[in-house]
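**Q** need a structure here:
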Amino acid sequence: MKPKPLLALAGAIGGTVLATAGVAAFVMGDGDDDAARPAASARPQQNTGQIAAALRANGATGCDADGTRVECRYDGHYVAATVITPGMGISMQTALEGWRSGVGQSALGEQGAFAILQGPNWLVTGPGELVDRIRPSLGGRALHCDQPYGTCS
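**A** Alright, predicted model coming up:
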């Protein structure tokens, strides 16, 4: 059996919590319908290839990627991206609400500010500096959050 890196284990735990938090957030909602609308400049992605390349080109390291998920580190902080596919059984709205909670960061003990970049069928999360740097190449709408379970705008 091949050993799993800590980042993958935290991602799996975070993903489970994310799904639970996402469902709860979707049911409760926050009245911000614009939060789920992708930016017109962003293009749908078939897989994580272009996203992973943009992350690496802008300083992300140790990236572990498959067709629908990328996990990296940037300046010591957690970075993740996912392409939402119909087979996942999760809507973009639900995924976004879960990611806005910061559960992935929290599961890794990161309590600081983070950002989310949203495209039509994909999400990227990580430090605001990195998200702002990759936005010109990927497009999308950026949300900046003050801390896990905090406020995003």
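**Q** going by C-alpha atoms from here, please, whenever you check contacts or count neighbours.
**A** Noted.
**Q** let me see the ranges of the helices in the chain.
**A** With helices called from DSSP state H, the chain shows them at 6-28, 49-57, 92-101, 103-107, 128-138.
**Q** lowest-confidence stretch among those helices?
**A** Mean pLDDT values for those show the minimum at helix 6-28, a mean of 42.
**Q** tell me which residues of stretch 73-84 come out buried.
**A** Residues of stretch 73-84 classed as buried by neighbour count (16 or more other Cα atoms under 10 Å): 73, 74, 78, 79, 80, 81, 82, 83, 84.
**Q** next step: these restricted to strands.
**A** Per DSSP state E, strands hold the following members of these: 73, 74, 78, 79, 80, 81, 82, 83.
**Q** rewinding a little: of the buried residues of stretch 73-84, which pair is most distant in space?
**A** 74 and 84 (22.6 Å; Cα to Cα).
**Q** end to end, how far does stretch 59-69 reach?
**A** One end of stretch 59-69 to the other measures 18 Å (Cα to Cα, to the nearest Å).
**Q** so which residues make contact with that stretch?
**A** Identification of contacts with stretch 59-69 by Cα atoms under 8 Å, 6 or more residues apart in numbering yields 47-49, 52, 56, 70-75, 79-85, 130.
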